[in-house]
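**Q** When you get a sec, could you give me coordinates for this:
(2 chains)
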Protein chains: 2
Amino acid sequence: MSRGACSSEREALIAFAHVVEPGDARIGALIDRWGALGLVDRLSSGDIGIREQAAMRARIARVDPCEAEAAAHAIGARIIVRSDREWPTQLDDLGAARPLAIWALGAANLRLTALRSIAVVGARAATAYGEAICRDWCATLSEHSFTVVSGGAYGIDAAAHRATLSVGGMTICVLASGVDTPYPRAHDALLARIADEGLVISESPLGQDVRRQRFLTRNRLIAALTRATLVVEAAVRSGTTSTANSAIALNRPVLAVPGPVTSVMSGGCHKLVRETEAMLASRVEDVLEVIGELGEFIGPSPERRSLDDLSPSQARILDGIPARGVIGIDDLVLDSGLSASEVSGALSVLGILGFVHEQADGWRLARRG
Amino acid sequence: MSRGACSSEREALIAFAHVVEPGDARIGALIDRWGALGLVDRLSSGDIGIREQAAMRARIARVDPCEAEAAAHAIGARIIVRSDREWPTQLDDLGAARPLAIWALGAANLRLTALRSIAVVGARAATAYGEAICRDWCATLSEHSFTVVSGGAYGIDAAAHRATLSVGGMTICVLASGVDTPYPRAHDALLARIADEGLVISESPLGQDVRRQRFLTRNRLIAALTRATLVVEAAVRSGTTSTANSAIALNRPVLAVPGPVTSVMSGGCHKLVRETEAMLASRVEDVLEVIGELGEFIGPSPERRSLDDLSPSQARILDGIPARGVIGIDDLVLDSGLSASEVSGALSVLGILGFVHEQADGWRLARRG
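**A** The predicted model follows:
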């Protein structure tokens, strides 16, 4: 029986994180069954039911978890595994596909900062419209103590991180590469600032480059870490919608910002609203209502006082009030064909809604603000 | 027993249309029960259970239906009642609140032109964005033989009528006033052209002016006449949403066009999508799919071929295909950790979806575009 360099569950998880692609639910299920350390044992001593068992045994044997920890510490990073206090337990919603380990750069506590967080994602080729909304809304979300989680990419992602930093908010960047080999390179300075004031995390070990598949598994991590996913702009065929689809699969709310139908970069948002459970968000308040604690952001809206909400008899009475001057209840009864009690009931409601005022000699239209 | 000037059900309906406000379900229910002519009789000889019976009897007696018919004919109009062959039977979905009579100006047959129709409505203070979409989509809807129904108002309504006329399409204008006293006056020429090439209709008798309540009852008529209601632009507090709400109450589909969240005139559309059953329509094809006959406009969409639709193993295989050159199945098996049959299954799907091509010596990425 050879455990390679692994002598604890933590070390075994770190070792598997080096040889299994993020999001591999097949190996994840085996780890759930045997434990990571138990699975290391079985790679040598038993049959774990996968074709590539011998290759995996050889690869696991080549990983030195202690060295991996030391390398992380050398760049100021740490490795968080499932049993750690800093583990964000909402990731367990991913089941067997949840990360084995997370590399983190930054002083903030991942679990605590992710507790009240929202994913803000979108197109790399964002428009000025999308970036402006992103900046504005992220600032408001930060003011309400929400952590803004995104992927560090060009466009919407970068705008989300920058806007949050600019108001002193908390932001987490989830990379598809190792935290020491960030992508895109042009964002080195931005990522350094995020690590300084927030967190840069990845489930890929140090030295790992991005691969197409890793963007998709990274996106599921962004969705799983947060209360909801806000898509600011996205083309119809885009990776951004994979984050949204992951969130939907996890029963996390998805919100999409509409835009001009002539804008390609709003096409993905419109498609999400039309074809999935994604909700349309046209004001940051729509987002706050969804992600806030129950009742936190729900208040009476001034829009409720609309003509559309009047009953037919209320509308008829309102119609009968002259543009200038007052009218008595008796005249309203005669004009409307309603009974006196119906008329005075309607007037009461109209008064409460602010459409009419009662005066000594009758009722008049309220002056509108 | 005095029937005033009424000697037929038709004449009695026309008489009631002069003394009852459009949409009055209370009187409508009495007419459903006794017939219009029967109700005229009972106004004199029985108790119909309404407080204003005496006043109504007096008012009915003052109406001369023959004179009303003659006045309509004098301006080239006709009066359509429920028993007429030209009656659009979809209006019966309004139940007791359905119109008693409809005044129509124009040679087209109301029932036939309304069979395949859509309401296109929106803000009076429309933006250039909304008017451009309205023009574009109405032209396409006309090309697909849909009648465009609207209210003749400034802004979106006028743009809808004009765009339809400009491509030789059929359009119906539903007025809140009598067809001889159209509102707004500035649209006299437009309305004359609609009457010439389409139809101008109203359930208000000749000589009747608009009243606030009549816009709401007119809006329900637009919703009831059509297969679906398309809201192009609307402010949050606006009459346009009353048309949408009427359509929803009638189980007719409502579609709303999104726009910039910074545009007040898209606020009502966004609210409809967020808070009601209204569907988001970002392309005229979205509208055609909803209003077309089953299957008429539904075809495979090129957007279906998206990376998001790949299974994890398909995505992993695609990831393993090199950017240049070919790769054999054996190498893909080794790289991916999947079985040979899983790999070849995934390659088949990727080939069908157009992501990869098979060559004599292995598989390569398909050239895109």
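**Q** A:Ile118 falls within a strand, correct?
**A** Yes: counting by DSSP: H, G, I helix; E, B strand; the rest coil, A:Ile118 falls inside a strand.
**Q** Just the pLDDT at it, thanks.
**A** Per-residue pLDDT puts A:Ile118 at 98.
**Q** how about the helices in the stretch 201-350 of chain A?
**A** For the stretch 201-350 of chain A, helices defined by DSSP state H, counting those that start in this stretch occupy the ranges A:212-225, A:240-249, A:264-275, A:284-291, A:312-320, A:329-336, A:340-352.
**Q** could these be laid out in TSV, adding mean pLDDT?
**A** Putting these into TSV (pLDDT from 0 to 100) gives the following:
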stretch	mean pLDDT
helix A:212-225	95
helix A:240-249	94
helix A:264-275	96
helix A:284-291	95
helix A:312-320	84
helix A:329-336	85
helix A:340-352	81
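**Q** Just send those helices back as a markdown table, with mean neighbour count too.
**A** For glycine as for every other residue, the C-beta is placed from the backbone atoms N, C-alpha and C. A markdown table is the format used below for the helices of the stretch 201-350 of chain A (neighbours: other Cβ atoms under 10 Å in any protein chain shown):
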| stretch | mean neighbour count |
| --- | --- |
| helix A:212-225 | 24 |
| helix A:240-249 | 25 |
| helix A:264-275 | 24 |
| helix A:284-291 | 20 |
| helix A:312-320 | 21 |
| helix A:329-336 | 16 |
| helix A:340-352 | 17 |
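**Q** can you redo the ones you listed as JSON lines with distance to chain B?
**A** Below are the helices of the stretch 201-350 of chain A laid out as JSON lines (distance: least, Cβ to the nearest Cβ, whole Å):
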{"stretch": "helix A:212-225", "distance to chain B": "4"}
{"stretch": "helix A:240-249", "distance to chain B": "5"}
{"stretch": "helix A:264-275", "distance to chain B": "4"}
{"stretch": "helix A:284-291", "distance to chain B": "7"}
{"stretch": "helix A:312-320", "distance to chain B": "4"}
{"stretch": "helix A:329-336", "distance to chain B": "8"}
{"stretch": "helix A:340-352", "distance to chain B": "9"}
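**Q** is it possible to export these to a markdown table including distance to B:Cys66?
**A** Listed next are those as a markdown table, based on distance: least, Cβ to Cβ, whole Å:
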| stretch | distance to B:Cys66 |
| --- | --- |
| helix A:212-225 | 71 |
| helix A:240-249 | 64 |
| helix A:264-275 | 53 |
| helix A:284-291 | 58 |
| helix A:312-320 | 30 |
| helix A:329-336 | 28 |
| helix A:340-352 | 35 |
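**Q** which one of the ones you listed lies closest to A:Gly49?
**A** Nearest to A:Gly49 among the helices of the stretch 201-350 of chain A is helix A:212-225; the distance by Cβ to Cβ comes to 23.0 Å.
**Q** Output the closest one in PDB with nothing but the alpha carbons.
**A** Provided in PDB are the C-alpha atoms of helix A:212-225 (Å, rounded to 0.1, in the frame of the first residue of the first chain):
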ATOM      1  CA  ARG A 212     -11.400  26.000 -22.500                       C
ATOM      2  CA  GLN A 213     -13.000  23.500 -20.200                       C
ATOM      3  CA  ARG A 214     -11.700  25.300 -17.100                       C
ATOM      4  CA  PHE A 215     -13.600  28.500 -18.000                       C
ATOM      5  CA  LEU A 216     -16.800  26.400 -17.800                       C
ATOM      6  CA  THR A 217     -15.900  24.800 -14.500                       C
ATOM      7  CA  ARG A 218     -14.700  28.100 -13.100                       C
ATOM      8  CA  ASN A 219     -18.100  29.600 -14.100                       C
ATOM      9  CA  ARG A 220     -20.000  26.900 -12.100                       C
ATOM     10  CA  LEU A 221     -17.800  27.900  -9.100                       C
ATOM     11  CA  ILE A 222     -18.800  31.600  -9.400                       C
ATOM     12  CA  ALA A 223     -22.400  30.600  -9.500                       C
ATOM     13  CA  ALA A 224     -22.100  28.200  -6.600                       C
ATOM     14  CA  LEU A 225     -20.300  30.700  -4.400                       C
END
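**Q** now it against helix B:312-320, angle please.
**A** Calculated by axes from the mean of the first three to the mean of the last three Cα atoms, to 10 degrees, helix A:212-225 forms an angle of 140 degrees with helix B:312-320.
**Q** closest one to B:Asn109 among the helices of the stretch 201-350 of chain A?
**A** When the helices of the stretch 201-350 of chain A are compared by Cβ to Cβ, helix A:312-320 sits nearest B:Asn109, at 31.1 Å.
**Q** Give the other helices and strands that the closest one contacts.
**A** On a contact count with 3 or more Cβ pairs under 8 Å, 6 or more residues apart in numbering or on different chains; DSSP states H and E, helix A:312-320 meets helix A:329-336, helix A:340-352, helix B:212-225.
**Q** can you redo those as a markdown table with distance to A:Ala70?
**A** Below are those laid out as a markdown table (distance: least, Cβ to Cβ, whole Å):
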| stretch | distance to A:Ala70 |
| --- | --- |
| helix A:329-336 | 85 |
| helix A:340-352 | 70 |
| helix B:212-225 | 71 |
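**Q** closest to A:Thr140 out of those helices?
**A** helix A:340-352 (31.7 Å).
**Q** After the closest one, which helix or strand is next?
**A** Toward the C-terminal end, the helix or strand that comes next after helix A:340-352 (DSSP states H and E) is strand A:356-359.
**Q** For that next one, list the C-alpha coordinates in CSV.
**A** The C-alpha trace of strand A:356-359 is given here as CSV (Å, rounded to 0.1, in the frame of the first residue of the first chain):
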residue,chain,number,x,y,z
VAL,A,356,-58.7,63.4,-5.0
HIS,A,357,-59.1,65.7,-2.0
GLU,A,358,-62.2,66.3,0.0
GLN,A,359,-63.1,69.9,0.7
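**Q** Around A:Asp41, how many other residues sit close by?
**A** 16 (other Cβ atoms under 10 Å in any protein chain shown).
**Q** where's it relative to chain B, distance?
**A** According to Cβ to the nearest Cβ, to the nearest Å, A:Asp41 stands 20 Å off from chain B.
**Q** looking at this, that residue is in a helix?
**A** Yes: using three-state DSSP, the assignment for A:Asp41 is a helix.
**Q** Just tell me which of the helices of the stretch 201-350 of chain A ends up closest to B:Arg124.
**A** helix A:312-320 (19.1 Å).
**Q** Compute the inter-axis angle for that closest one and helix A:329-336.
**A** When the same axes, to 10 degrees is applied, the directions of helix A:312-320 and helix A:329-336 differ by 110 degrees.
**Q** What ranges does the stretch 1-150 of chain A have for its strands?
**A** A:77-81, A:101-105, A:117-121, A:147-150 (DSSP state E, counting those that start in this stretch).
**Q** Redo those strands as TSV? Include mean neighbour count.
**A** Shown next, in TSV, are the strands of the stretch 1-150 of chain A (neighbours: other Cβ under 10 Å):
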stretch	mean neighbour count
strand A:77-81	20
strand A:101-105	26
strand A:117-121	29
strand A:147-150	28
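**Q** Including distance to B:Ala366, could the ones you listed go into TSV?
**A** Formatted as TSV, the strands of the stretch 1-150 of chain A follow (distance: least, Cβ to Cβ, whole Å):
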stretch	distance to B:Ala366
strand A:77-81	39
strand A:101-105	35
strand A:117-121	28
strand A:147-150	31
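**Q** what's the closest of these to A:Val290?
**A** strand A:117-121 (9.0 Å).
**Q** if we look at the closest one, which residues are touching it?
**A** The contact list for strand A:117-121 (Cβ atoms under 8 Å, 6 or more residues apart in numbering or on different chains) reads A:134, A:137-138, A:141, A:146-151, A:156-157, A:160, A:172, A:219, A:222-223, A:225-232, A:234, A:240, A:243-244, A:247, A:287, A:291.
**Q** now swap in stretch A:52-63 and tell me
**A** A:2, A:4-6, A:14-16, A:18-19, A:40, A:43-44, A:47, A:50, B:337.
**Q** Brilliant, that's me finished.
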